[in-house]
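Peer 1: Here is the input, now give the coordinates:
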Amino acid sequence: MKSSIRFKLSFMMFLEFFVWGGWFVTLGTFLGSNLSAGDAQISSAFSTQCFGAIISPFIIGLIADRYFNAEKILGVLHLIGAVLMFQMYNSADFAAFYPYLFVYMILYMPTLALVNSVSFNQMSNPEKDFGNIRVWGTLGWIAAGLLISYAFHWDSEASLKEGLMRNTFLMTAIASLALGLFSFVLPKTPPKAVKGEKASVREILGLDALKLLKDRNYLVFFVASVLICVPLAFYYQYANPFLSGIGLENPTGKMTFGQMSEVLFMLLLPVFFTRFGLKKTLVLAMAAWVLRYLCFAYGNAGELSFMLIIGIALHGACYDFFFVTGQIYTDNKAGEKNKSAAQGLITLATYGVGMLVGFYIAGVIAEMYKAQGGDTLEVWKHIWTFPAIIAFIVMALFAIFFKPEKKTVEATNI
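Peer 2: You can find the predicted model right below:
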């Protein structure tokens, strides 16, 4: 790959995830402090990601794969996204904010597939090259968090009182505008499908991969993947408001430890695959979920702040060891013909249905315990104990019903 193309793809990934990390991490804190949103409203705001994940296959399957170059659609979506972000920056209340967020997430979620499509189209050896390009996305997410906490201090107690957290949307609007314009100089990525060729809804949603559920082991894994998204939703929705609310300094910057650990655990994943195998790696991932939420439940911003840092840093083990391992397992199970369909189905089930249910449950639990009143730390202890229990139950059921695979799952695509 030419160095100029490598730079373009890396910069594209950096901006793609800078845009997402620049507002999504602090969304719950912003809604509570700037727009006085309740837990039900915060849940509905985070749920827009799920609707975006559900609708995304239609945009990719019906438009991007058939009629227009991927880089051009990427550019248009981010230019529109910049306008929507600016409107969110100017919104005075939740009623005005929510419609812009809803439309934005429907347009943003397809871009995650588009940047991959643009990248893969330039690679003769994706297994070797993609990781080196994708890591810049993680660095973009980290950069956004560090800027918010350590450069602009928008998540400090004083800034929250002044309403400065809304500036994250202005920053994201500028980054989205830059990526939108930059997309038009990316390498050309023409449509994959033949014009005029009909695509069924079944193909677009990856429903052809449903036959994988006839495999008992894969069915257990599939159900576990959906259920584990409930505790995942708690983290996305309440980690930043929790850390800010109990007085941890620079919470958004410290949350980037989670992305930093992703890089580390991604490197460790092949080792765990080889040494422990598929089942033990997945069980270890779910055990990390349990430990993470117990750290949140019993930690504090004082002498036990190290527990909060451990909980954040476990994000790499939680995400990489479960979801990346799951993607590899799905790829091996699907067979050549249904690889794309299977990945689409598991994404739809987890980030679509699973997370949608998770955000709703997280909102109900938080609202219930906050309504009871009492000490702030005690309230959060009850809230974080709930996803710890769910993760433990999912882990136990998975360990019981998932049988060791006769054929070792290869980790060569990591």
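Peer 1: From now on I want contacts and neighbour counts done on CA atoms only, so please keep to that.
Peer 2: Fine.
Peer 1: domain assignment for the protein?
Peer 2: 1-190, 207-404 (automatic domain parsing).
Peer 1: can you pull the pLDDT of Arg275?
Peer 2: pLDDT recorded at Arg275 is 87.
Peer 1: Need phi/psi at it.
Peer 2: The phi/psi pair for Arg275 (degrees, to the nearest 10) reads phi -80, psi -40.
Peer 1: Report how many residues lie close to it.
Peer 2: 11 (other C-alpha atoms under 10 Å).
Peer 1: Asn167 now?
Peer 2: Going by other C-alpha under 10 Å, the residues that sit close to Asn167 add up to 19.
Peer 1: do the same with the one 5 residues further on
Peer 2: The tally of other residues near Thr172 (other C-alpha under 10 Å) stands at 24.
Peer 1: Tyr236 versus that one, what's the distance?
Peer 2: Using C-alpha to C-alpha, to the nearest Å, Thr172 is found at 18 Å from Tyr236.
Peer 1: same check, this time on Ile309
Peer 2: From Ile309 to Tyr236 the distance is 16 Å (C-alpha to C-alpha).
Peer 1: give me the element Met123 is part of.
Peer 2: Taking DSSP states H and E as the definition, Met123 sits outside all helices and strands.
Peer 1: And the one 5 residues further on, by the same measure?
Peer 2: In this structure, Lys128 is located in helix 126-146 according to DSSP H and E.
Peer 1: what does the next helix or strand after that helix rub up against?
Peer 2: Next helix or strand after helix 126-146 toward the C-terminus (DSSP H and E): helix 157-162. Residues from elsewhere that reach helix 157-162 (C-alpha atoms under 8 Å, 6 or more residues apart in numbering): Ser33, Asn34, His153, Trp154, Met165, Ser244, Gly247.
Peer 1: Could you tell me which of the residues you listed belong to helices?
Peer 2: Ser33, Asn34, Ser244 (DSSP state H).
Peer 1: Tell me which residues touch Val364, please.
Peer 2: Each residue near Val364 by C-alpha under 8 Å, 6+ apart is listed here: Asp39, Ala40.
Peer 1: which residues sit against stretch 18-28?
Peer 2: Contacts for stretch 18-28 (C-alpha under 8 Å, 6+ apart): 42, 137, 140-145, 148, 168-169, 171-173, 175-176, 236-238, 240-241, 252.
Peer 1: average pLDDT across it?
Peer 2: 97.
Peer 1: And it, what's buried?
Peer 2: Buried residues in stretch 18-28, counted by 16 or more other C-alpha atoms under 10 Å: Phe18, Val19, Trp20, Gly21, Gly22, Trp23, Phe24, Val25, Thr26, Leu27, Gly28.
Peer 1: repeat for stretch 71-87
Peer 2: Quick answer for stretch 71-87 (16+ other C-alpha under 10 Å): 71-87.
Peer 1: likewise stretch 245-261?
Peer 2: The neighbour-count check on stretch 245-261 (16+ other C-alpha under 10 Å) flags 245, 248-261 as buried.
Peer 1: Closest one of those to Tyr104?
Peer 2: For the buried residues of stretch 245-261, the closest approach to Tyr104 (C-alpha to C-alpha) belongs to Thr252, at 22.2 Å.
Peer 1: What residues does that closest one make contact with?
Peer 2: Going by C-alpha under 8 Å, 6+ apart, Thr252 touches Val25, Thr26, Gly145, Leu146, Ile148, Ser149, Asp155, Asn240.
Peer 1: so the residue lying closest to the third one once chain neighbours are set aside is in which element?
Peer 2: Right, the one you point to is Gly145. Leaving aside its chain neighbours, Gly145 sits nearest to Gly253 (4.8 Å; criterion: C-alpha to C-alpha, 6 or more residues apart in numbering). Assigned by DSSP H and E, Gly253 belongs to helix 251-298.
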